[in-house]
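Trainee: what shape does this take:
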Amino acid sequence: MKKILLPLFLLLTFVASAQLNNRFYSNGSAIFVSKIGAYASNTFLEWRQIQQPSTYNWSYADGLVQANQSAGLRTMITLKCVHPINADDSIPGTCAYLLDNGTSDNNSNWPLVSADTTKWKNFVLALVDRYDGDGTNDMSGLIYPVRQWHIIGQEWQRVWCSQYPNSSLASAQEFVKLVNMTYKVIKTKQPSDTISFAGIDVRNEAEAFYDGYFPSSQTTFRYDNNCSGSPLYLTKSQLASVPSFLPDRNNVMYIFKNALFDEIDLHEYGNWQHIPNFVQWAKDSTFGKPVVIMEGGGPFCKVGETLYHSASDTDGRLPAPLVRDNASYVVYYFITGLASGVRKLHWNPGPEYGVWGAWWGDLNLLSINLIPKPSAYTYRFLAKTIFSNANADTVIKITEADTNLYHYQINPLAMNVIWSTNAADSFLVSGTGTLYTWDIPTTCDSLGFPSMYPTSCDSVFPMNNYSVSGSHTIYLNNNVPVFYSWNNVLTASENILNADNYSVKIYPNPFSTQTILQTNKLFKNATLTVYNSFGQQVKQIKNISGQTVTLFRDNLASGLYFVRLTEDNKTYATKKLVITD
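Mentor: Numbers count the residues shown, from 1 in each chain. As a prediction, this is how the structure comes out:
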């Protein structure tokens, strides 16, 4: 599989991109992230990892950036500005800090937020300056400048050395001051950089439920992550009676209203069916800010059941239901998220129960023995078939045949994915031609560890095809998604290029008689292909030379189409086109 590196400007505008939240700071992990189709890796930094008493030690941060670069990955930096310390942050005002040289600062140089914050401001400025790629004070050998930043937000209750009690409005106000100062420092140096407010999680999902964003038929919300005991379900009135719930909700609304950031980042661990509700709440609460999902994982456990896999099981062998459902969850999250308007999504590649542990049920792409799980191959399939299409900005929920069957269409090649929440179900596909289907892997640990998963587990390659004239039944079992298309999408999307080097404008669009496509590339022998909304080719113009081409409607019906511009087996653009009467 060819590695697809999506351009950063696409990331910041419309593309649903493949990115990973990389908690493993090594060259090997960066290579893994690259191989499964991601173009960028998130790097988590704390102040204490760089700050020395009177200078900065960049070796740790430089190592992360260099590892990403060696694998062809961009770096996104997550800043944890809520507390730069190893301290008991449950005690207001405690700010003991263990410096890298082993001496304890004990609050002498780390002031309260309301006091002088010059040290933090200078640190952020130095960090931006080192990785901005302007040729001054840059890291030696910097290839890909940092253009995206995440500011950790879910720990606002324990704001940096705050003298205020947790969950108080004063604490939220101090946190907003710190976030806004950080935002202004970055934007003053690099105005085009994107800053995410990161970490809106299941606690805030409860707030979405309380605020009326869930269906009226759902009268309770699960308010715990405990899979081993009886689940805790609360009504809205019961949520309101939880002492910290309403104060925290009101303070989060204050932060959303007053903090400076470019996009809101959700952490979605749990029920993928809540994604549309959670996303809409986040959009409305942040006054229309774009939504990203920076962390995802699952499933935690099923209602009324215990954990699939306990933290004490360290042999790396995962039970079959967990392998199956984890691989399926990657599809559930990404497809439902994209259909809900999420602009980009991330996934954690780290090993099972590593770093965060079973506490979070954080079922990632690697096993505990650092071997790719079926979910890694599922992610890779999505990266190749969806993320590599630079204009894949339309994932539409087509039908819901009943309350348990989901059917999505993924443009521009009209690939489809279906799954059912019934244990067994089927879906009838109608059409004429060759129907291709792809099944995600579910039982790839059959060879045992530490062996690598067999080639048959790589869902990018195995597929079935059927000659159909009329209808074909696709059988769904055990909630596992099935992809299907009337095109071999893997061949069609093999050679997507970095689109930041090329631009295509279509005007007018919509049009009724003819339209013009203009590009900044001088073509010598290009081909323009028009597809209908089912992914079927309906028109083609060959031997195009120059920088403009006129497309006539001829006998095409009104509706949505996609045009693809190619030359020498390379795709330079895929654009939506609308024909009207």
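Trainee: show me where the chain has its helices.
Mentor: Remark: helices assigned in the chain by DSSP state H are 8-13, 27-35, 59-70, 118-131, 169-189, 202-210, 236-241, 245-258, 275-285, 320-339, 374-382, 489-492.
Trainee: tell me which of the ones you listed is the most buried.
Mentor: When neighbours are counted by mean count of other C-beta atoms under 10 Å, the highest per-stretch mean among the helices of the chain falls to helix 374-382, a mean of 26. C-betas here are computed from N, CA, C, even on glycine.
Trainee: report all helices and strands that that helix contacts.
Mentor: Contact partners of helix 374-382 among helices and strands, from 3 or more C-beta pairs under 8 Å, 6 or more residues apart in numbering; DSSP states H and E: helix 320-339.
Trainee: who does the helix it packs on touch, helix- and strand-wise?
Mentor: When contacts are defined as 3+ C-beta pairs under 8 Å, 6+ apart, helix 320-339 packs onto helix 275-285, strand 291-297, strand 344-347, helix 374-382, strand 395-399, strand 405-410, strand 415-420.
Trainee: just send these back as TSV, with distance to Val549 and mean pLDDT too.
Mentor: Rendered in TSV, the data for the helices and strands packed on helix 320-339 read as follows (distance: least, C-beta to C-beta, whole Å; pLDDT from 0 to 100):
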stretch	distance to Val549	mean pLDDT
helix 275-285	38	94
strand 291-297	35	81
strand 344-347	31	73
helix 374-382	32	82
strand 395-399	28	81
strand 405-410	26	87
strand 415-420	26	90
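Trainee: now the ones you listed in CSV, with distance to Leu127?
Mentor: As requested, the helices and strands packed on helix 320-339 are arranged in CSV below (distance: least, C-beta to C-beta, whole Å):
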stretch, distance to Leu127
helix 275-285, 27
strand 291-297, 19
strand 344-347, 21
helix 374-382, 30
strand 395-399, 35
strand 405-410, 38
strand 415-420, 40
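Trainee: quick one, which of these is nearest to Val578?
Mentor: Closest to Val578 of the helices and strands packed on helix 320-339 is strand 395-399 (C-beta to C-beta; 14.8 Å).
Trainee: and the closest one, what's buried?
Mentor: By neighbour count on 16 or more other C-beta atoms under 10 Å, the buried set for strand 395-399 is Val395.
Trainee: equivalent analysis for stretch 410-430, please.
Mentor: The neighbour-count check on stretch 410-430 (16+ other C-beta under 10 Å) flags 410-420, 425, 427, 429 as buried.
Trainee: with stretch 207-222 instead?
Mentor: Neighbour-count burial for stretch 207-222, with 16+ other C-beta under 10 Å as criterion, is recorded at 207-210, 213-214, 221-222.
Trainee: can you check stretch 539-552 too?
Mentor: With burial defined by 16+ other C-beta under 10 Å, the residues of stretch 539-552 counted as buried are 539, 541, 544, 549, 551.
Trainee: just stretch 522-530 next, same as before
Mentor: Of the residues in stretch 522-530, those scored as buried under the neighbour-count criterion (16+ other C-beta under 10 Å) are 523, 526-530.
Trainee: adding distance to Leu239 and pLDDT, write the residues you listed out as TSV.
Mentor: Below are the buried residues of stretch 522-530 laid out as TSV (distance: C-beta to C-beta, whole Å; pLDDT from 0 to 100):
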residue	distance to Leu239	pLDDT
Phe523	60	87
Ala526	58	91
Thr527	58	91
Leu528	55	91
Thr529	53	88
Val530	52	88
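Trainee: which of the buried residues of stretch 539-552 sit farthest apart?
Mentor: Based on C-beta to C-beta, the longest span within the buried residues of stretch 539-552 runs between Lys539 and Ile544 and measures 13.2 Å.
Trainee: one step back: and Gln518, which of the helices of the chain is closest to it?
Mentor: When the helices of the chain are compared by C-beta to C-beta, helix 8-13 sits nearest Gln518, at 18.8 Å.
Trainee: surely Ala71 and Val33 touch.
Mentor: Yes - under the criterion of C-beta atoms under 8 Å, Ala71 is in contact with Val33, at a separation of 6.7 Å.
Trainee: who touches both of the two?
Mentor: With contacts taken as C-beta atoms under 8 Å, 6 or more residues apart in numbering, the residues that reach both Ala71 and Val33 are Ser41.
Trainee: quick one on the thing from earlier: just give me the closest of the buried residues of stretch 522-530 to Thr182.
Mentor: For the buried residues of stretch 522-530, the nearest to Thr182 is Phe523 (45.1 Å; C-beta to C-beta).
Trainee: who are the contact partners of that closest one?
Mentor: Going by C-beta under 8 Å, 6+ apart, the list of residues near Phe523 reads 544-547, 565, 567.
Trainee: poorly predicted segments of the stretch 201-350 of the chain, please.
Mentor: Within the stretch 201-350 of the chain, the stretches falling below the threshold (pLDDT under 70) are 224-231, 270, 298-319, 347-350.
Trainee: hmm, back to that, out of the helices and strands packed on helix 320-339, which gets nearest to Ile440?
Mentor: helix 374-382 (4.7 Å).
Trainee: got the angle between the closest one and strand 291-297?
Mentor: Our comparison of helix 374-382 with strand 291-297, counting by axes from the mean of the first three to the mean of the last three C-alpha atoms, to 10 degrees, yields an angle of 150 degrees.
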